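**Student:** I'd like to go over a predicted model; first the sequence, then the structure.
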Amino acid sequence: MPPVLLTGATGFIGQHLQSELLNEQMGVLAVVRPSSRHKKALAQGVEAVYCDLSDTAQLVAAIERCSAVIHCAGSVRGRSLEDFRPANIAGVRAVVDAMNQVKTRIPMLLVSSLAAARPHVSDYANSKFLGERELIEHAGFPWTIIRPPAVYGPGDKEMLPILKLARKGLVTPAGPRDQKLSLVHVKDVAAAVVACLKNFGACDGKTFTLDDGHEGGYDWEEIAQACSTGRRFRLNVPGWLLFGSGYVNLALSRILGYVPMLTPGKARELTQADWVCNNRDLNQATGWYPEIDLQQGVQSLFERSGD
């Protein structure tokens, strides 16, 4: 069977997709930027194609060898929409354009974000929404979009610090007191993507969300309970501090030339009343169902990190 083309293979979710595809006896052809500092993140057995997504000729040649494309490449840091555009919007369009040039109509699965459901919240959210539109409006081939909520697991750098604090008894929510969040383990995300590939006929032209099966999302007390059975102290991050830090960090990033994570847009994301979704439609289309609940996931994560 021809391999699956994977972009973003060296990222957090991408590395787990490598493993899941290989475990399912699917070959993997990974598109890697020649300037990437993470080439060692490719698993044994994965073949690399070193090219930028803007290199249409090389991208077309690679796609012609494959049975499907998983586009997982993206950016989560930026000062403005223009910082997110190259990876989250133009990158999707580049893959779409290349696939439109391939004679065989193979499917493409776009790993997006639940943030795309609220493009008004931040430049990042808007970039993910606009990236989805590039696929929906220009694809001449079968496609599916998956929108994960907050993803955690081995290799995660965003959720892990929050979970570690909760492990030590300090819960630090940034949103309202009754905020609800859907969560999903990265291994379940990878399994869901592969399930879509295996059942593409039922997934074509659809956008799916997925979570770990905890109906209605988690509140912060439930997150804390999954992390620790000991005494807990809740410290809500004041909105003025979060937004103030975002504005300061944004200004410093312009002066010092780095790409920020915390910005006013990110603060708006963090202070939403909820980021909740479910996996019902995905389950019905593919039979996939998550295997790792939050307590199992965080315990295995702490064991790996030594905490």
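**Tutor:** Happy to help now that I have it.
**Student:** Going by C-alpha atoms from here, please, whenever you check contacts or count neighbours.
**Tutor:** Will do.
**Student:** SS state for Asn100?
**Tutor:** helix (DSSP: H, G, I helix; E, B strand; the rest coil).
**Student:** where does the spatially closest residue to Leu130 that is not a sequence neighbour land in three-state SS?
**Tutor:** Ranked by CA to CA, 6 or more residues apart in numbering and with sequence neighbours excluded, the top spatial neighbour of Leu130 is Ile89, at 6.1 Å. Classification of Ile89 by three-state DSSP places it in helix.
**Student:** I'd like to know how many residues surround Ile89.
**Tutor:** Using other CA atoms under 10 Å, Ile89 has 24 neighbouring residues.
**Student:** got a list of what it touches?
**Tutor:** 127-128, 130-132, 134 (CA atoms under 8 Å, 6 or more residues apart in numbering).
**Student:** Save those residues as TSV, and put in neighbour count and distance to Glu158 too.
**Tutor:** Converted to TSV, the contacts of Ile89 look like this (neighbours: other CA atoms under 10 Å; distance: CA to CA, whole Å):
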residue	neighbour count	distance to Glu158
Ser127	29	19
Lys128	29	18
Leu130	20	23
Gly131	23	22
Glu132	24	23
Glu134	20	27
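**Student:** roughly how far apart are the nearest residue to Ala87 once chain neighbours are set aside and Gly257?
**Tutor:** Of all residues not flanking Ala87 in the chain, Gly74 sits nearest, at 5.0 Å (CA to CA, 6+ apart). Distance check for Gly74 against Gly257: by CA to CA, to the nearest Å, it reads 20 Å.
**Student:** Helices of this protein, start to end?
**Tutor:** All helices of the chain, identified by DSSP state H, fall at 12-23, 56-63, 81-84, 91-101, 123-138, 159-167, 186-198, 200-203, 220-227, 239-256, 264-270, 280-286, 294-305.
**Student:** Including mean pLDDT and distance to Glu47, could those helices go into a markdown table?
**Tutor:** Output for the helices of the chain, formatted as a markdown table (pLDDT from 0 to 100; distance: least, CA to CA, whole Å):
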| stretch | mean pLDDT | distance to Glu47 |
| --- | --- | --- |
| helix 12-23 | 96 | 11 |
| helix 56-63 | 96 | 11 |
| helix 81-84 | 96 | 27 |
| helix 91-101 | 97 | 18 |
| helix 123-138 | 98 | 26 |
| helix 159-167 | 88 | 30 |
| helix 186-198 | 97 | 18 |
| helix 200-203 | 96 | 24 |
| helix 220-227 | 92 | 38 |
| helix 239-256 | 95 | 36 |
| helix 264-270 | 97 | 35 |
| helix 280-286 | 97 | 28 |
| helix 294-305 | 83 | 28 |
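**Student:** how about JSON lines for these, with distance to Pro3 added?
**Tutor:** Shown next, in JSON lines, are these (distance: least, CA to CA, whole Å):
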{"stretch": "helix 12-23", "distance to Pro3": "9"}
{"stretch": "helix 56-63", "distance to Pro3": "9"}
{"stretch": "helix 81-84", "distance to Pro3": "29"}
{"stretch": "helix 91-101", "distance to Pro3": "15"}
{"stretch": "helix 123-138", "distance to Pro3": "22"}
{"stretch": "helix 159-167", "distance to Pro3": "32"}
{"stretch": "helix 186-198", "distance to Pro3": "12"}
{"stretch": "helix 200-203", "distance to Pro3": "16"}
{"stretch": "helix 220-227", "distance to Pro3": "38"}
{"stretch": "helix 239-256", "distance to Pro3": "40"}
{"stretch": "helix 264-270", "distance to Pro3": "36"}
{"stretch": "helix 280-286", "distance to Pro3": "21"}
{"stretch": "helix 294-305", "distance to Pro3": "30"}
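**Student:** Test my guess that the residue nearest to Ala87 contacts Arg85.
**Tutor:** No - using CA atoms under 8 Å, Gly74 makes no contact with Arg85, being 9.4 Å away.
**Student:** which neighbours do these two share?
**Tutor:** Gly91.
**Student:** still on that earlier bit, please work out how many residues are found near the residue nearest to Ala87.
**Tutor:** 22.
**Student:** With Met1 instead?
**Tutor:** 8.
**Student:** Same check on Leu59?
**Tutor:** There are 23 residues near Leu59, going by other CA under 10 Å.
**Student:** Same question for Val102.
**Tutor:** Look at Val102: counted by other CA under 10 Å, it has 17 neighbours.
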